[in-house]
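Visitor: Attaching a predicted model along with its sequence, questions to come.
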Amino acid sequence: MAMSAKYREFTGLNLPAFEAEVLAQWTEKQAFEKSVSLREGATPFVFYEGPPSANGMPGIHHVISRTLKDLVCRYKTMKGFQVKRKGGWDTHGLPIELGVEKELGITKEDIGKKISVEDYNKKCREAVLRYKDKWDEITKKMGYWVDLNDPYITFKNEYIETLWWLLSELYKKGLLYESVSIQPYSPAAGTGLSSHELNQPGTYKDVKDTSAVAMFRAVQDDKSKFLHDAVHGAEVFFMAWTTTPWTLPSNLGLTVGANIDYVLVKTFNPYTHLPINVVLAKALLGKYFKEEGKDGDFDSYNEKVKLLPWSVIAEFKGSQIEGCEYEQLLPYEANSLKVIEELTPGAKPFRVLVDSFVTTEDGTGIVHTAPAFGADDYKVGKKYNIGILTMVDREGKFVDGLGEFSNRYVKNYKDEKDYVDVNVDISVKLKKENRAFKVEKYEHSYPHCWRTDKPVLYYPLDAWFIKTTAIKDRMVELNKTINWKPKSTGEGRFGNWLENMVDWNLSRSRYWGTPLPVWRTEDGEEEICIGSIEELNRGIKRASEILGGDVNKNYLHEGILDLHKPYVDDIILVSKSGKPMKRVPDLIDVWFDSGAMPYAQWHFPFENKETFKQSFPADFIAEGVDQTRGWFYTLHAIACLVFDSVAYKTVVSNGLVLDKNGNKMSKRLGNVVDPFKTIETYGADATRWYLITNASPWDNLKFDIEGIKEVQRKFFGTLYNTYQFFALYSNVDGFAFKEAYIPLNERPEIDRWILSSLNTVVKKVNEYMDDYEPTQAGRVIEDFVDEHLSNWYVRLCRRRFWKGEYEQDKICAYQTLYECLETLTRLIAPISPFFSDAVFQNLDAVTGRFNAVSVHHVDFPVANEAVIDELLEERMQLAQDASSLVLSLRKKVNIKVRQPLQKVLIPVLSTSMKEQLQKVEDLVKAEVNVKEIEYLSPDNTFISKKIKPNFVALGKKLGPKMKAVSAALAQFTQEDIALLEKEGQYNLSVDGEPVILQIAEVEISSEDIPGWTVANKGSLTVALDVTVTPELEAEGNAREFVNRVQKIRKDKGFDLTDRVEIKVLAPGGLKDSLAQFKTYICAEILADKLEFVPEIQDGIELDINDVLLNVIVSKKG
RNA sequence: AGAUCCGUAGCUCAGCCUGGUUAGAGCACUACACUGAUAAUGUAGGGGUCAGCAGUUCAAAUCUGCUCGGGUCUACCA
């Protein structure tokens, strides 16, 4: 690395400009690649990159999770690990297909008709990396180091082959199976949805649906005899509630709870006003009938009477009506008994069933049961063999043969403007036919398709499942070994999810995705699950040989070249008994793609066996909390299923990024933050620092651009100024850390202090970073830079840098400040990789202490415990407090700091406090411009003292007497306090009982010094002598004069080291002041000559403490 | 509907686990200073029923319960 004689001085704090410069260097010097290769042979730290889908634009929420990933990886690299970060792209799935469909203006039904599957998938493949450039750009600009030269891409054959291998392993273990089940299905998207898709945030929405209480007329038979007898042979209806009236044509049963109490109620239909008898759960009577109407006036009821009279006729258990038959509610051609019999031979529908899922929390306690449209309905329907009717097709509309409802969409899936809700029409029909008791809008939360935003419906589908429930306990057990940040997500959200896990529905009936590698004979008797390309190619040949003809003719020569549809579907395999086998049409859930990345990214087990072994499981992954049931789950599931292992040891889940008002960012609200603009304007470092330090990553972040500005100004501005200050004077003095490291015991107190403080910070930062708490780490650093380094060390030490010769004390100062800056750049490197590197390189270019290309190639600082001196840090705090108090006193009496004062009085409570203060006395005196500090020892009678109980100590001892003692102490006189101090204890009487107070059980502090201006903070009190003697005034004048001349020097643009000559015309008193301090003045302003002249032309007029004078400052030579 | 987290100054956050008597910081605002680091800095001021109510306790922002408000999650909900 090229050495430089001078530290580079910046011309202004322009983070985006620095970053562009640093980026160019990184590229040129291959800094990232080198940061990995430099650690060759070191212990690996394994990180998995969750693959983003590049068919959407990156958002600010991607910046936060990537910052988190990046800072951990950079930190671990600096800690000596080798951290490879293979990037990846998620390329399959619904979002891509929907995007293509939208672009082509087609729907799912058109695929294979208007466009061939081959062309369609070609389009998808093209669309997949549509925004890759934008992603690459944000990756680069935000400083995210990830290897995108050789990323894993989920649509590649090698990737898919690993997926097939995993699936075949599951198949062999009997964990992959097919089954009919009632699944969430999105008619708008044309596909079933997995439970984790249904569990994406925002899928459940509150919607108002038309709900109906329908009346099913009981058939008179033996089972219902007791009901009909009770009403003397009149009609009896079972009441059942539904929020989905569109399922009523598919009704085949009514389910009740065996032990629930039901009642038969005599009343009227509120719509038709006909007398009726209805059955419902006793517990829900109050929902439909008013108490005032009980046993009301039946005779005078008519349509004008609002209050419905009602009487309970009979009461019975649900089990007593099991098996009762009823008339079909909405009979049509398509759902006739004949059709039911054809579909399910021997079915016995329209009966009252009993099951345990029925509750009396809602509805009527009688559940309308349509086996096709509910998981419970399906289960109970199967048990009683009531058949199954699916009166809605896969597009979400009624089938033919349902009269006026035929072919109508059951929900507005097509965004039709004049859509008429078929549910309302069904309800109206029921009302007219005396088959509805109550129809109303009902608000409830209902699942929606995460992609199309349309309501989901439950639908019977054939699907392939992974039997995750088989290893549930093991998954729960292994989860307990994972370090979750925050803990609650792992235990609560993820833990609960595992406890309530259902089998993973893998099937997707789409086109662009990983095909399920299962082939099966037409009769379904024989099937095979293919686990590799080689196995498939063997099968292709074998089938061709055995079956002959044109079978697989296009694939005989080279084998299969693309594992996607439609090619895989061309392949015919042959079963053991010699029958042809075709592939089942399903694709698999894309989440399987991403969950399999630990293996598929290395094409395991076909290649890279050793690499895989070294990089499984991951030490660390991080994504948004929305991935809890997505990637976090699928990674965990596959690892447990196939490898009986966790997939990751530590996982950090970051919260959502909200706008500054706490609203979710959405395109609709227009409150989306553009990450490009943010980074270009304020810099990646400020953005990253803000995102990390403002709130813990797992808390939701209210993103406010003002916060970034504050970080930029406050943190980076301060650090920048500190560096500039250092560079300015080092360049003057030629400091290049050439001298031997001066031992700490030869350095002044303040140097030892800042280094102690620095090492304390280093220690804490290491601890926080090891604990994945970057927010705490960042905040500790911020405090140090602002409070300690800039506003105390540099401020107090400025003179050391610009005064005097280049000797020991000055070198101490340079070495100390240099060490602070150098350590800081390394400390902040993980969070703010650009600015840290720029400053680090500027430092290292002159001193060559590391001789490194980048700060990211050096080791992270480690605390030197020997340098940490707690007492020292404590007394410096005393000095800061004392200074602050004196300054506030000056302010109170309006005496500016430039005016020297004679004395400060500090009462000390102990000798150790005095010793502590004495060691920092000079600093305080210089800081507040006071000549001397006088200490008042504890036994003086001069100051007045204050006493209060030490609650922690006394509370335990006294308990209930605490209040009385506290009151007694408030009454203590100065004499009482003095006595207690002298004796070490005090006999007190509380409520007639003696209490002995020990000195340690109270806190005594000085309160006031009569005749002095005092201020206190905690136990520290200071008093200031505010008398300005003529001598002090003269010195004040001199200082004021120096200050003004310095300003002139600066205004005139003189160099720091320029010597000057001065002519002054001043009135008598002021002239004397200046003459008296002539030596001091000349030294301060680098004047070789200070001349008092009787007359001045073209001088500058200055106001020195309300007296005017004229001066000419000229550069010498 | 349940589960869970959260509610502290105008804003962003500490403090709560382990209770202790003037509840802190930064930003913003106002005034005055300081400055050969000047896109900084200091001092002072206003600004808080620590969401509300009740309980435990000598003592509650802190522990418990309930209520209200917000987030997230779960749900086969008829």
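Guide: Here it is on my side, so go on.

Visitor: alpha carbons only for contacts and neighbour counts from here, please
Guide: OK.

Visitor: Just the element for the closest residue to A:Ala1066 other than its chain neighbours, please.
Guide: By the measure of CA to CA, 6 or more residues apart in numbering, the closest residue to A:Ala1066 outside its immediate chain neighbours is A:Leu1109, 4.7 Å from it. Taking DSSP states H and E as the definition, one finds A:Leu1109 inside strand A:1107-1115.

Visitor: and that strand, which residues are buried?
Guide: A:1109-1114 (16 or more other CA atoms under 10 Å).

Visitor: and after the helix or strand of chain A with the lowest mean pLDDT, which helix or strand comes next?
Guide: Every helix and strand of chain A was ranked by mean pLDDT, DSSP states H and E. The lowest is helix A:195-198, at a mean of 63. Moving toward the C-terminus from helix A:195-198, the next helix or strand (DSSP H and E) is strand A:204-217.

Visitor: do that next one and RNA strand B meet?
Guide: Yes - Strand A:204-217 reaches RNA strand B (CA under 7 Å from any atom of the strand) through A:Tyr204.

Visitor: Quick check: next helix or strand after that strand?
Guide: Taking DSSP H and E as the definition, the helix or strand right after strand A:204-217 is helix A:225-230.

Visitor: Please name every helix or strand in contact with the very next helix or strand once past that next one.
Guide: Using DSSP H and E, the next helix or strand after helix A:225-230 towards the C-terminus is strand A:237-242. If contacts are counted by 3 or more CA pairs under 8 Å, 6 or more residues apart in numbering; DSSP states H and E, strand A:237-242 sits against strand A:204-217, strand A:275-281, strand A:367-369.

Visitor: Show me what the second one is in contact with.
Guide: With contact meaning CA atoms under 8 Å, 6 or more residues apart in numbering, strand A:275-281 is reached by A:215, A:231, A:234-240, A:260-269, A:360, A:364-366.

Visitor: Whichever of those end up buried, select them in ChimeraX.
Guide: Buried residues within the contacts of strand A:275-281, by 16+ other CA under 10 Å, are selected in ChimeraX with:
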select /A:215,231,235,236,237,238,239,240,260,261,262,263,264,265,266,267,268,269,360,364,365,366
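
Visitor: May I see the buried residues of the helix ranked longest in chain A?
Guide: When chain A is scanned for its longest helix (criterion: DSSP state H), the result is helix A:870-893. Taking 16+ other CA under 10 Å as the neighbour-count basis, helix A:870-893 is seen to contain the buried residues A:872-873, A:875-876, A:878-887, A:889-890.

Visitor: Quick check: the farthest pair among the residues you listed?
Guide: A:Leu872 and A:Arg890 (26.8 Å; CA to CA).

Visitor: hmm, back to that, for the helix or strand that comes right after the longest helix of chain A, C-alpha coordinates in PDB please.
Guide: Using DSSP H and E, the helix or strand that directly follows helix A:870-893 along the chain is strand A:901-907. Only the C-alpha atoms of strand A:901-907 are listed here, as PDB (Å, rounded to 0.1, in the frame of the first residue of the first chain):
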ATOM      1  CA  LEU A 901     -12.100  33.900  38.400                       C
ATOM      2  CA  GLN A 902     -10.200  33.200  41.500                       C
ATOM      3  CA  LYS A 903     -11.600  30.300  43.400                       C
ATOM      4  CA  VAL A 904     -14.000  27.400  43.500                       C
ATOM      5  CA  LEU A 905     -15.000  25.700  46.700                       C
ATOM      6  CA  ILE A 906     -15.900  22.000  46.800                       C
ATOM      7  CA  PRO A 907     -17.100  20.300  49.900                       C
END
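
Visitor: anything in strand A:901-907 near RNA strand B?
Guide: No - between strand A:901-907 and RNA strand B, judged by CA under 7 Å from any atom of the strand, nothing touches; the nearest distance is 13.7 Å.

Visitor: got the angle between that strand and helix A:870-893?
Guide: Between the axes of strand A:901-907 and helix A:870-893, defined by axes from the mean of the first three to the mean of the last three CA atoms, to 10 degrees, the angle is 120 degrees.

Visitor: And the helix or strand just after strand A:901-907, what does it pack against?
Guide: Sequence-wise, the next helix or strand beyond strand A:901-907 is helix A:911-919, with elements assigned using DSSP H and E. Using 3+ CA pairs under 8 Å, 6+ apart as the contact definition, the elements that helix A:911-919 packs against are helix A:870-893.

Visitor: on contacts alone, who are the packing partners of the helix it packs on?
Guide: helix A:749-770, helix A:911-919, helix A:921-928, strand A:1013-1017, strand A:1020-1024.

Visitor: For the fourth one, give the mean pLDDT please.
Guide: In this case it means strand A:1013-1017. When pLDDT is averaged over strand A:1013-1017, the result is 73.

Visitor: Residues of the stretch 251-400 of chain A that sit close to RNA strand B?
Guide: Where proximity means CA under 7 Å from any atom of the strand, the interface of the stretch 251-400 of chain A facing RNA strand B comprises A:357-363, A:365, A:367-369, A:374-376.

Visitor: Can you select the buried ones among those for me in PyMOL?
Guide: Of those, the buried ones go into a single PyMOL selection, burial set by 16+ other CA under 10 Å:
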select buried, chain A and resi 358+359+360+363+365+367+368+369+374+375+376
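
Visitor: In the stretch 1001-1117 of chain A, which residue sits nearest RNA strand B?
Guide: A:Leu1056 (3.0 Å; CA to the nearest atom of the strand).
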